[in-house]
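In: attaching a predicted model along with its sequence, questions to come.
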Amino acid sequence: QVQLVESGGGLVQAGGSLRLSCATSGRTFSSYAMGWFRQTPGKEREFVAKITWTHGNTRYADSVKGRFTISRDNAKNTGYLQMNSLKPEDTAVYYCAETLFETTEEDEYEYWGQGTQVTVSS
C-alpha cells in the first residue's frame, strides 16, 4: 500500500520560511513525479509545484515562482517543498501527491498524503 506522509507545516509570520517534507513508502512501481498542491476552504485544490523523480525536472505555479523550491531525495523516497518569503495568501492545507504522468492536473495524481496546514500571519 502506497503511503505519503507530509510534515513540516505550522504557523509562521509573513516573510518567514517553512520546509515541508513528504515521505513515501510502499511503492512497488516507479512513479514519474511528485507534486505539491494546496487548498483553502471554499476553493478548489490548486497546483503548486512538481518534480520528476529521475531527472529532477521542476515546474511551479506562477504564484510561487522565485519563492518556493521543490526538491527530492531519491535514496530516502522523500520530497521537499522549501517555502520562503511566505505571504498570508499562502495559507492553506498543503498536499503531496504522486503521478505516473507529465502533468499538473490534480485528477492525474493517483496517490495523496493527508495534508499539512500552513498558516501565514500578517
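Out: Right, received. Where do you want to start?
In: which residues touch the residue nearest in space to the middle of the chain?
Out: Closest residue to the average C-alpha location of the chain: residue 36 at 2.3 Å, with CA atoms, centre = their mean. Residues counted as contacts of residue 36 (CB atoms under 8 Å, 6 or more residues apart in numbering) are 20, 22, 48-50, 70, 79, 81, 94-97. Where you see a C-beta, it was placed from the backbone N, CA and C, and this is true even at glycine.
In: mind doing that once more with 10 Å?
Out: 6, 20, 22, 47-51, 60-61, 64, 68, 70, 79-81, 83, 94-97, 113 (CB atoms under 10 Å, 6 or more residues apart in numbering).
In: who does it form a beta bridge with?
Out: As for beta bridges, residue 36 partners with residue 49, residue 96 under DSSP bridges.
In: my guess is residue 27 contacts residue 78. True?
Out: No: assessed by CB atoms under 10 Å, residue 27 is found out of contact with residue 78, at 12.0 Å.
In: I'd like the next helix or strand past the host helix or strand of residue 93.
Out: Under the criterion of DSSP states H and E, residue 93 resides in strand 92-99. Later in the chain than strand 92-99, the nearest helix or strand by DSSP H and E is strand 111-112.
In: adjacent strands (with direction) for that next one?
Out: strand 92-99 (antiparallel).
In: please save the CA atoms from the partner strand in PDB.
Out: Taking C-alpha atoms only, strand 92-99 is exported to PDB below (Å, rounded to 0.1, in the frame of the first residue of the first chain):
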ATOM      1  CA  ALA A  92      -3.700  26.600   3.000                       C
ATOM      2  CA  VAL A  93      -3.600  22.900   3.600                       C
ATOM      3  CA  TYR A  94      -0.700  21.500   1.500                       C
ATOM      4  CA  TYR A  95      -0.800  18.100   0.000                       C
ATOM      5  CA  CYS A  96       1.800  16.000  -1.700                       C
ATOM      6  CA  ALA A  97       0.900  13.500  -4.400                       C
ATOM      7  CA  GLU A  98       2.400  11.200  -6.900                       C
ATOM      8  CA  THR A  99       1.700  10.700 -10.600                       C
END
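In: perfect, I'm done here.
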